[in-house]
Every structure is written in C-alpha cells, then in structure tokens.
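Visitor: missing the sequence, but the structure's below:
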C-alpha cells in the first residue's frame, strides 16, 4: 500500500484561526490524516500524509473554502505513512521569521522549467539556499550558496552577507516554497532588485526534473527526515560510507541530528557516540510497520457476519493476520482463520482477482481495505 504526502501553504488573512484549526483538526481525525498544520492570521502552512483516497478528499475539502481556491500542493509518494501523529495549531506566524514582512512586492516566481533552462543556457544568476545549514549538507542545487543559518529566523540578518549578489539575478529556494515567499519579499523590501524564488520549491522541481541539477537527498520535516530524490553526496558520520539518512541521537540529553548508515544505526543503538549509547535517557523507538493492500471489501452481510473481499495480491494463505480500515472504519487487526471461494468451497489459499468470503463479527463497509503487514 502506498501513501501520498502533500505540503501546502498560502499567505492569506484568516480572521478566526482558532475556528479554522478546530474544523481542520476534526476533519483530519475523522479521515485518518496525519501530519502538521499551522494556522495564523497571516495564512496556513501544512504537510500531511494518508492514503490516496484520503488525501484527494482532503485536498477537495480545503479547496471548498473560498480562502483556498486554487491552492497548489507539493506531492510525493511513500511506502509508509510519513507522520505518526496529527498536530494542528494556531501560531503567530506560519513560518517563523521574526520581523514583519509585506507581501506587496514578493519575489518573482521562477518555474522549474525556467530554472532548468537558466542552468542549460548558462544564465548569469546566483542560486541561494534559504534553508538551514543541515538541510543544505544533505542536498542542494548545483552551485548553490549556503547561508550560515541554523534556523529560518536568522535569514533576516543575512542581508550584509547577500549584498555582494545585489547586482545579479538572485534565485531563492526552499523545500516547498513557503520560506522563500517570505524571504524574497523581505529582500525586495531591503532594496534587492532582482529576486526570484523557485515555484513550488525543491519538491516541485525534482518531480518535474529528476536527476537534473539537484544534488543529493532532500531534508523533509516528517518521520523520513530525508527524501530519496537524488544521488548520495554525504557520508555516515560514524564510519564514512556513502549515506544520506539523518536521524536524531536517541540520547535525549543529546538529540544531535547526524547522518548514520543502517549498520552503524544498529550497532550504536541509534546514538551518535559511545557516551550517548550509555546514557540512561534513551528515546523510545517508534516501530513503523509497512502494510500492503491484499484486498478490498466488496460487501458485508451483517446478519451472517460475513465479509466478501476481492483479492488484489498474488497469493496468500490462511490463517492470516490482517488489518482492516476505511474512510469511516477505524483500523483494527483481525485473524482470518479460514475462507471460502465464490463456489462456497473452503480454501487455504487465495489469489489475485479471486472473490472470497470469511467470517467477520466486526462491521465493515464497502471499499474498506484489507492490509497485510510486510515487516
């Protein structure tokens, strides 16, 4: 089973952010959507994940609000749900910058196609990473300028650092565009005349131009930490092999973000040093099971307590432990002891395309999915 990960933002006046927070949180809870959504009087900033059906419905739900008509989304596909909880909060800013910014004269949006053309035609421009240093290290655009900032709040103090590029075309980029929207508007206020931003951020670019002028992985603010969108350009901080995966040290008193290969991760128990490995305060490991869809509920016979399922996995054997979930059906685990085929004969195996029935006391609904843990 695959999950869809989307990010979105819009700077727009929201007069009652608390009311919007409650409405969006309620919708997400009812539709098994996880992620992080920030709402402020200046707008909305979100990144969530869920099944294809759930995410498409959520996009439609947002678009029904007049404030979000035409809202665009940066999208990726993942094998697991990339968030393990839902956070919907009201903030003073949807991305913390620290100083007031007017959006009356924002930077010019540069499409991925235009940026690609600038690279290929050797256009005279400078491309500037508006993200944090640790994001730059794991992946960046070719010839990108790294700013010495540990968080976005420090960007406003970089005008002197950027003064040497003032006569050039300055192209800012970030993960999905929200930081550049604010940073480019700020630079225009400070008198920088030719400021551009990559439309839709890195995600939009690599979706359209994979293996082009993006180098390395992409740092993301979900459970993945790094999205595998390019060749590895970094090394494991412990053994030196090629690796792009970040993790936080599991010593809670350290919490250092470092790059670590799978072998060292297991050997060091997800810690960055021997000292941290001996610390008594260790982070709790969240085990994320991967699930594959093996069938879809076609009907449920309540009086007989029997589910009818169309199989869409090559072959499974019974008894079989599964998870069942749906748009309005809370997920639950169940063990199918035995099943019958379309002719009513008891079977021990089922194949793709086959219609089967099995006893199920808990009520389910048509189009609910039957999942099997792959790990």
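Guide: Structure's in. What do you need? Because the structure is predicted, anything quoted here is derived from the model rather than measured.
Visitor: verify the stated contact: residue 321 with residue 334.
Guide: Yes: here residue 321 reaches residue 334: they are 7.5 Å apart, a contact under Cβ atoms under 8 Å. For the C-beta atoms, the positions are set from N, CA and C on the backbone; glycine is no exception.
Visitor: pick out whichever of those two has more residues nearby.
Guide: The neighbour comparison of residue 321 against residue 334 (other Cβ atoms under 10 Å) goes to residue 334, with 18 against 10.
Visitor: sheet partners, orientation included, of the helix or strand that contains that one?
Guide: Element membership of residue 334 [criterion: DSSP states H and E] is strand 332-336. Strand 332-336 pairs in its sheet with strand 320-325 (antiparallel), by DSSP bridges.
Visitor: who are the packing partners of whichever helix or strand comes after the strand holding residue 334?
Guide: The C-terminal neighbour of strand 332-336 among helices and strands, as given by DSSP H and E, is strand 339-340. Packed against strand 339-340 by the contact rule (3 or more Cβ pairs under 8 Å, 6 or more residues apart in numbering; DSSP states H and E) you find strand 346-347, strand 355-359.
Visitor: repeat the analysis, applying 6 Å as the threshold.
Guide: strand 355-359 (3 or more Cβ pairs under 6 Å, 6 or more residues apart in numbering; DSSP states H and E).
Visitor: contacts for the strand it packs on, please.
Guide: 305-306, 308-310, 336, 339-340, 342, 350 (Cβ atoms under 6 Å, 6 or more residues apart in numbering).
Visitor: just the buried members of those?
Guide: Buried residues within the contacts of strand 355-359, counting neighbours by 16 or more other Cβ atoms under 10 Å: 308-309, 336, 339-340, 350.
Visitor: C-terminal to the longest helix anywhere in the chain, what's the next element?
Guide: Longest helix of the chain, by residue count under DSSP state H: helix 17-30. On the C-terminal side of helix 17-30, the closest following helix or strand by DSSP H and E is strand 34-40.
Visitor: now that next one against helix 17-30, angle please.
Guide: If you take axes from the mean of the first three to the mean of the last three Cα atoms, to 10 degrees, strand 34-40 sits at 170 degrees to helix 17-30.
Visitor: and the average pLDDT for strand 34-40 is what?
Guide: Average pLDDT, strand 34-40: 97.
Visitor: can you name every helix or strand that the helix or strand just after it contacts?
Guide: Downstream of strand 34-40, the next assigned helix or strand under DSSP H and E is strand 43-51. Counting contacts by 3+ Cβ pairs under 6 Å, 6+ apart, strand 43-51 is packed against strand 3-11, strand 34-40.
Visitor: hmm, back to that, sitting in strands, which of the contacts of strand 355-359 do you find?
Guide: Applying DSSP state E to those, the entries found in strands are 306, 308-310, 336, 339-340, 350.
Visitor: strands of the stretch 101-250 of the chain, start to end?
Guide: 108-110, 125-129, 139-141, 169-173, 195-198, 214-216, 218-219, 226-227, 246-248 (DSSP state E, counting those that start in this stretch).
Visitor: partner strands of the next helix-or-strand element following the last one, with direction?
Guide: Yep, that's strand 246-248 we're talking about. Sequence-wise, the next helix or strand downstream of strand 246-248 (DSSP H and E) is strand 257-259. Paired with strand 257-259 in the same sheet, following DSSP bridges, are strand 246-248 (antiparallel).
Visitor: got the domain boundaries for the chain?
Guide: The record assigns the chain these domain ranges, following automatic domain parsing: 3-90, 108-208, 214-277, 291-373.
Visitor: rounded mean pLDDT for the last one, please.
Guide: Domain 291-373 shows a mean pLDDT of 89.
Visitor: tell me how many other residues crowd residue 5.
Guide: So residue 5, with other Cβ under 10 Å, has 24 neighbours.
Visitor: do you know how far it is from residue 270?
Guide: Using Cβ to Cβ, to the nearest Å, one gets 23 Å for the distance from residue 5 to residue 270.
Visitor: residue 242 now?
Guide: Residue 242 is 20 Å from residue 270, by Cβ to Cβ.
Visitor: of these two, which one has the most company?
Guide: Neighbour count, other Cβ under 10 Å: between residue 242 and residue 270, residue 270 has more, with 19 against 11.
Visitor: nearest spatial neighbour of that one, skipping sequence neighbours?
Guide: Nearest residue to residue 270, sequence neighbours excluded (Cβ to Cβ, 6 or more residues apart in numbering): residue 250, at 4.1 Å.
Visitor: could you list the low-pLDDT ranges of the chain?
Guide: Within the chain, the stretches with pLDDT under 70 are 1, 286-290, 314, 327-328, 373-375.
Visitor: try it again with 50
Guide: Applying pLDDT under 50 to the chain picks out residues 375.
Visitor: what are the buried residues along stretch 319-327?
Guide: Neighbour counts using 16+ other Cβ under 10 Å place 320, 322, 324-326 of stretch 319-327 among the buried residues.
Visitor: which of these sits closest to residue 141?
Guide: Checking these against residue 141 by Cβ to Cβ gives residue 325 as the nearest, at 39.5 Å.
Visitor: pretty sure the closest one sits against residue 333.
Guide: No: assessed by Cβ atoms under 6 Å, residue 325 is found out of contact with residue 333, at 10.0 Å.
Visitor: that older thread, pipe the domains of the chain into JSON lines and attach distance to residue 100 per row.
Guide: Compiled in JSON lines, the domains of the chain are given as follows (distance: least, Cβ to Cβ, whole Å):
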{"stretch": "domain 3-90", "distance to residue 100": "10"}
{"stretch": "domain 108-208", "distance to residue 100": "9"}
{"stretch": "domain 214-277", "distance to residue 100": "25"}
{"stretch": "domain 291-373", "distance to residue 100": "42"}
